[in-house]
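my questions concern the predicted model and sequence given below.
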Amino acid sequence: MQFDPMNAPSDFPLIALQPVFDARHAWVALRLTSERPFESSGMRRLIEDCAVAGLLGEIPCIVPADPLRIDPALADGLPRHRLILLFPWEAGAEGANRAALQALHEAGFGLMAAGVPEENAVLAPAVTALAVACPGSAAPEHLIRLLLERPGPHLALGTSEKVCPGFCRFHWLSGHYAGMISPALQGDPSARSQLLRLLALVTADAELAELEAVFKRDAGLSYKLLRLVNSVSYMPGRRIENFSQALIILGRRQLQRWVTLLLFARPAGNDSASPLLPQAALRGSLLEALARHQGSTRDRRDLAFMTGMFSLLDQLFGQPLAEILAPLNLADEVVQALLGRHGDFGAFLRTVELAEQDAFPALAGALGESGIDPESWAAMLIDAAHWATLVGKEA
């Protein structure tokens, strides 16, 4: 069965994003989830209007799709096999769909079958990867055989354990399990305490000399800040080389963002990535985008960003959020949003949390109240994910 554009529905599905990790807990891909599979017209808008094409240069994307309603020509110009179509394994079985699947593969799409195939099922050769709920040591023999026969990358879905017992057969893991791994609890606690003191100075509008003194006492801290700041180009062709220059170019509000990001960065001497940093950056960027859509001022957009970032501090430090926030000079609106989900910022945070939970009916209601259509929401997600991915690489 070949692609038939006349039978393709034209509406755009509501989506959410789930991070995909490797064994080091680094983001290696993004998995789009949606209320229904993408077809050709929606996929074209996702690639072109929502800027997925640009994101693919940084990180692969897994997109739920109906492979029989995707035009292979949509892969033209995209990095090969970086846009991975995800569909039920039945659609990837050897048989009537073989030619359509082969055409998608040859055009440059990656093909990933979801679910555990029946014991005697044969998958089409173009299907190179599997996505299944992590079976751990209970994986059936025929699934192990398929995982070994196909090159992957194979994806374990919905993992909630800190260590996946079946990871030896999977390349990628998807789920929010990695949020339980707190980098703050793995490194030098005094370094985190120093960052919290620095953050308190920034939020209290301390003098430049006080802030600069902190960085001068810790060369490693200065290095990490500048590496993060330079991961996203503010002035093309010009690097920020010292703290004073960073403050002048970025301003105090932007500097506050980067100091907060430093809290989530990996501890010195730890080879594992910090899964919470890109997640916090994604939340912050999404809350800022929602505030921008509302017509908020620059200062309120900055506060929205900080609300998103601070919402994961309890996971970072493994202690109640109220205790962490107490010494910080935060606006009442931010504190109320973080502790009780009150006000505009609290509503924004609830919206992002609904997306992380794939709660599509409730998410649709929250976005509808804000006047945000599914395609505009998708563009916000992709833009935020692009920025979070860039930042996460330097963490």
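Structure's in. What do you need? Numbers count the residues shown, from 1 in each chain.

which residues of the stretch 151-300 of the chain fall in strands?
In the stretch 151-300 of the chain, the strands defined using DSSP state E, counting those that start in this stretch lie at 155-157, 172-174.

quick one: closest of those strands to Leu14.
Closest to Leu14 of the strands of the stretch 151-300 of the chain is strand 172-174 (C-beta to C-beta; 18.8 Å). Bear in mind the C-beta positions are built from the backbone N, C-alpha and C, glycine included.

centre of the chain versus that closest one, how much separation?
Its chain's C-alpha centre and that of strand 172-174 lie 12 Å apart, by C-alpha atoms, centre = their mean, to the nearest Å.

mind listing what it pairs with, with the direction of each?
Sheet pairing here is set by DSSP bridges, and for strand 172-174 it gives strand 15-21 (antiparallel), strand 155-157 (parallel).

the helix or strand following the first one - what's its average pLDDT?
Okay, so that is strand 15-21. Once the chain leaves strand 15-21, the next helix or strand it forms, by DSSP states H and E, is strand 27-34. Averaged across strand 27-34, the pLDDT comes to 93.

next one: stretch 90-101
Average pLDDT, stretch 90-101: 92.

could the strands paired with strand 172-174 go into CSV alongside distance to Phe360 and mean neighbour count?
Formatted as CSV, the strands paired with strand 172-174 follow (distance: least, C-beta to C-beta, whole Å; neighbours: other C-beta atoms under 10 Å):
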stretch, distance to Phe360, mean neighbour count
strand 15-21, 7, 23
strand 155-157, 17, 23
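
tell me how far Asp344 lies from Glu207.
From Asp344 across to Glu207, the span is 31 Å (C-beta to C-beta, to the nearest Å).

low-confidence ranges, the stretch 151-300 of the chain, go.
Where the stretch 151-300 of the chain drops to pLDDT under 70, the residues are 159-168, 175-192, 218-220, 228-229, 231-238, 243, 246-250, 252, 266-272.

where along it do the helices fall?
Assigned by DSSP state H, counting those that start in this stretch, the helices in the stretch 151-300 of the chain fall at 189-203, 208-217, 219-230, 243-264, 276-293, 298-310.

quick one: buried residues of the shortest one?
With burial defined by 16 or more other C-beta atoms under 10 Å, the residues of helix 208-217 counted as buried are Leu211, Val214, Phe215.

and it, C-alpha only, in PDB?
Output of helix 208-217 as PDB, limited to C-alpha atoms (Å, rounded to 0.1, in the frame of the first residue of the first chain):
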ATOM      1  CA  LEU A 208      29.000  43.500  41.100                       C
ATOM      2  CA  ALA A 209      32.100  43.300  43.300                       C
ATOM      3  CA  GLU A 210      30.500  40.800  45.600                       C
ATOM      4  CA  LEU A 211      29.500  38.600  42.800                       C
ATOM      5  CA  GLU A 212      32.800  38.900  41.100                       C
ATOM      6  CA  ALA A 213      34.600  37.900  44.300                       C
ATOM      7  CA  VAL A 214      32.800  34.600  44.400                       C
ATOM      8  CA  PHE A 215      34.000  33.700  40.900                       C
ATOM      9  CA  LYS A 216      37.500  34.900  41.500                       C
ATOM     10  CA  ARG A 217      37.800  32.500  44.500                       C
END
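
now the angle from it to helix 189-203?
Relative orientation of helix 208-217 versus helix 189-203 (axes from the mean of the first three to the mean of the last three C-alpha atoms, to 10 degrees): 160 degrees.

out of the strands paired with strand 172-174, flag the one nearest Gln315.
When the strands paired with strand 172-174 are compared by C-beta to C-beta, strand 15-21 sits nearest Gln315, at 13.8 Å.

rewinding a little: the more surrounded of Asp344 and Glu207?
Legend: neighbour count by other C-beta atoms under 10 Å for Asp344 and Glu207, higher for Asp344 (19 against 9).

in the one helix or strand the more buried one maps to, which residues are buried?
Counting by DSSP H and E, the element that carries Asp344 is helix 343-356. When burial is assessed from 16+ other C-beta under 10 Å, helix 343-356 yields the following buried residues: Asp344, Phe345, Gly346, Ala347, Phe348, Leu349, Thr351, Val352, Glu353, Leu354, Ala355, Glu356.

tell me, what's the model's pLDDT at the fifth one?
Looking at Phe348, its pLDDT stands at 97.

where's it relative to Gln315, distance?
According to C-beta to C-beta, Phe348 stands 19 Å off from Gln315.
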